[in-house]
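In: here is my input, please return the structure:
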Amino acid sequence: MMMIMNMILLLILCFANSNLVLAGSHHVIGEQPLSKIAIHKVSLAINARASLKASPSLLGLRGEDTEWVAVSLESPEPSENDWVGVFSPANFNSATCPPENGDTHAETPFICTAPIKYKYANHSNSNYTNTGKAILKFQLINQRADFSFALFSGGLSNPKLVTVSNYISFANPKAPVYPRLAQGKSWDEMTVTWTSGYDIDEAVPFVQWGPMGGRQTRSPAGTLTFTRNSMCGAPARTIGWRDPGFIHTSFLKDLWPNFLYTYKLGHMLSNGSQVWSKLYSFKASPYPGQNSLQRVIIFGDMGKGERDGSNEYANYQPGSLNTTDQLIKDLDNFDIVFHIGDMPYANGYISQWDQFTAQVAPISSTVPYMVASGNHERDWPNTGSFFDTDDSGGECGVLAETMYYVPAENRAKFWYKVDYGMFRFCIADSEHDWREGSEQYKFIEHCLATVARHKQPWLIFSAHRVLGYSSNSWYGLEGSFEEPMGRESLQGLWQKYKVDIAFYGHVHNYERSCPIYQNQCMNSEKSHYSGTVNGTIHVVVGGGGSHLSEYSKITPYWSIYRDHDFGFGKLTAFNHSYLLWEYKKSSDGKVYDSFTISRDYRDVLACVHDGCERTTLAT
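Out: As a prediction, the model looks like this:
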């Protein structure tokens, strides 16, 4: 009771910005669920007879970073609009709510921070409105702070605080968690990125690693973080802000090709003791050009889900957990992942990045998890993004650039190349200018031009937005079947350097084109391509989990296969002459579309339209 009274006093002292946009005042498809909560409109309706009790009070006693919590709820005035929010840090109130645009106009009680998730009180007990009793089960992850649960009446648009639970926490909230592997700038370098609560003045981060069963060594890690002031707008710098902790990256170098390695994340405390993660393992990259089985997963727009059924998350990114679970199930059968943009769809609610890294950790801790920049990571007005939209919720790329490592020369410009065995991947950043003459255009040409095709025959281009071909409905209405200005500058490069396949997300469905150049199918085959590389196959694989996109009513002649469902793709290089593409549904993991490419090096050298080297009659 004393805790509740203290919280009431804190609430009454709060200040808020009267000009904040009303969260939840509009409803669109795919709207971030947390944005529907008008958290700054909270008023007090404290009821001493209501109670919330969370148990267990101490989590992760055996080192777990994920735990289930039961919340027992009793309310003397139950309503179907009652909901319970999970807050972290537990003391979610503030007497100094940060203003937006310098406005410090005082209002009545205000909560400064959105919850990290929520459920309606009747989620698991349809009889709640009669009995006033329910037990809600939440799955919590270690997020560097304690937790509390708050009961609200009045629904999401007019919330009234009724009561607050006891505080609970993980045994070591600062523990190193959620490792993310990524290829380094060299083929024989693996990077490990993770999150913790330890700043460098408290503990020294490192990775202990070595060949499986062999001598272990230690590599130091760098530490990054960012502040509220790094965010470009609301909600990221207002109600969506949450301290991100510290993000560490270590570089494991001089790896032997294809060797299995084990690793542990470590922090050496100032008193000499050490904090450890559990043991993980990975397989090093093959040598560029190496002739061996190499398997690649690629998809976009997955988002995140909540295994505890927290309200509306399944509606926000309905296929996310299915995609994640299929990949976890098949983890032994692929070697590297490319998630080509739109990762958690946090849209300025910073807590959701922890949720996402936890969701994909079984994958990202085992194989390189390469990411690309999407509109929901980068775009914000007047911040240098090519598209002047507010899709990032004020994050303006800071979260993606910090939470994940990519081997870019400048991580704020999210373009880079990856050599993986017989593959060369050129990953573009569709949120920056790609047009001819731009800085990125020069990178793309350099990436495509510098691969030795007799060693690395499979040349792949990828970007988040569809810079090639898609019969998505809004592209159809524009009459272009592409992102505006998409392929005009790049198709000459794809043709000149004979790009095999171009992959895209952004459009939330699956579609495969014929080998195409300047709107002309260059091959009449549907499932097997051989001989000269005379056009690039364009594949939209943006059905990773977010709400699905509709197709144009017209099916273009170049569209070979379309699927309005959640799924992901798999590339398998069997050798230098044979490549298999498979599209799998997330619901069952079965193959629904596929094609093969077979050819020899001389087929890559062959002269094609707009793809011929100059010749001379001189002898």
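
In: now do the buried residues in stretch 563-572.
Out: 563, 565-572 (16 or more other C-beta atoms under 10 Å). In this view, the C-beta of every residue, glycine as well, is placed from N, C-alpha and C.

In: nearest to residue 555, of those?
Out: Ranked by distance to residue 555 (C-beta to C-beta), the buried residues of stretch 563-572 are led by residue 563 at 12.7 Å.

In: kindly state the beta-bridge partners for that closest one.
Out: Using DSSP bridges, the bridge partners assigned to residue 563 are residue 510.

In: shouldn't it be in contact with residue 510?
Out: Yes: with contacts defined as C-beta atoms under 8 Å, residue 563 counts as touching residue 510 at a distance of 4.2 Å.

In: what's the overlap in contacts for those two?
Out: Residues touching both residue 563 and residue 510 (C-beta atoms under 8 Å, 6 or more residues apart in numbering): 543, 583, 593.

In: ok, of those, which one's closest to residue 260?
Out: residue 583 (29.6 Å).

In: ok, residue 401 - how many residues close by?
Out: Other residues near residue 401 come to 23 when the count uses other C-beta atoms under 10 Å.

In: dihedrals phi and psi, it?
Out: Dihedral angles of residue 401 (phi, psi; degrees, to the nearest 10) stand at phi -70, psi -30.

In: and what of residue 603?
Out: Note on residue 603: its backbone torsions stand at phi -70, psi -30 [degrees, to the nearest 10].

In: same deal with residue 354?
Out: Per degrees, to the nearest 10, the backbone of residue 354 is at phi -60, psi -40.

In: what strand or helix carries the closest residue to it other than its chain neighbours?
Out: Leaving out its chain neighbours, the residue that sits closest to residue 354 by C-beta to C-beta, 6 or more residues apart in numbering is residue 143, at 4.9 Å. Counting by DSSP states H and E, residue 143 is held by no secondary-structure element, helix or strand.

In: quick revisit: tabulate the buried residues of stretch 563-572 (JSON lines), appending secondary structure, distance to residue 170 and pLDDT.
Out: As requested, these are exported to JSON lines (DSSP: H, G, I helix; E, B strand; the rest coil; distance: C-beta to C-beta, whole Å; pLDDT from 0 to 100):
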{"residue": "563", "secondary structure": "strand", "distance to residue 170": "41", "pLDDT": "98"}
{"residue": "565", "secondary structure": "coil", "distance to residue 170": "37", "pLDDT": "98"}
{"residue": "566", "secondary structure": "coil", "distance to residue 170": "32", "pLDDT": "98"}
{"residue": "567", "secondary structure": "strand", "distance to residue 170": "35", "pLDDT": "98"}
{"residue": "568", "secondary structure": "strand", "distance to residue 170": "32", "pLDDT": "98"}
{"residue": "569", "secondary structure": "strand", "distance to residue 170": "37", "pLDDT": "98"}
{"residue": "570", "secondary structure": "strand", "distance to residue 170": "36", "pLDDT": "98"}
{"residue": "571", "secondary structure": "strand", "distance to residue 170": "39", "pLDDT": "98"}
{"residue": "572", "secondary structure": "strand", "distance to residue 170": "40", "pLDDT": "98"}
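
In: between these, which sits nearest residue 487?
Out: Within the buried residues of stretch 563-572, distances to residue 487 taken as C-beta to C-beta reach their minimum at residue 569, with 20.2 Å.

In: pairing partners for the closest one in the sheet, please.
Out: Beta bridges link residue 569 to residue 298, residue 583 when assigned by DSSP bridges.

In: pretty sure it sits against residue 584.
Out: Yes: taking C-beta under 8 Å as the definition, residue 569 is a contact partner of residue 584 at 7.3 Å.

In: find me the pLDDT at residue 105, would you?
Out: According to the prediction, residue 105 has pLDDT 45.

In: looks to me like residue 355 is in a helix.
Out: Yes: secondary structure assignment places residue 355 in a helix (DSSP: H, G, I helix; E, B strand; the rest coil).

In: who touches it in this structure?
Out: Taking C-beta under 8 Å, 6+ apart as the criterion, residue 355 is in contact with 116-117, 141, 304, 306, 344.

In: Throw these into CSV and include neighbour count, distance to residue 394 and secondary structure, thanks.
Out: CSV is the format used below for these (neighbours: other C-beta atoms under 10 Å; distance: C-beta to C-beta, whole Å; DSSP: H, G, I helix; E, B strand; the rest coil):
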residue, neighbour count, distance to residue 394, secondary structure
116, 25, 17, coil
117, 24, 20, strand
141, 22, 23, strand
304, 25, 18, coil
306, 22, 23, coil
344, 26, 15, coil
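
In: and the residues you listed, which is closest to residue 280?
Out: When the contacts of residue 355 are compared for distance to residue 280, the smallest value, 17.1 Å, is given by residue 141; criterion: C-beta to C-beta.

In: thought residue 161 was touching residue 47?
Out: No: under the contact definition of C-beta under 8 Å, residue 161 does not touch residue 47, with a separation of 9.7 Å.

In: what about those two, which has more around it?
Out: Here residue 161 and residue 47 are set side by side on neighbour count (other C-beta under 10 Å), and the busier one is residue 161, at 24 against 16.

In: how far off centre is whatever helix or strand the more buried one lives in?
Out: Following DSSP H and E, the helix or strand that holds residue 161 is strand 160-164. Shown here is strand 160-164, whose average C-alpha point lies 33 Å from the average C-alpha point of the whole chain (C-alpha atoms, centre = their mean, to the nearest Å).
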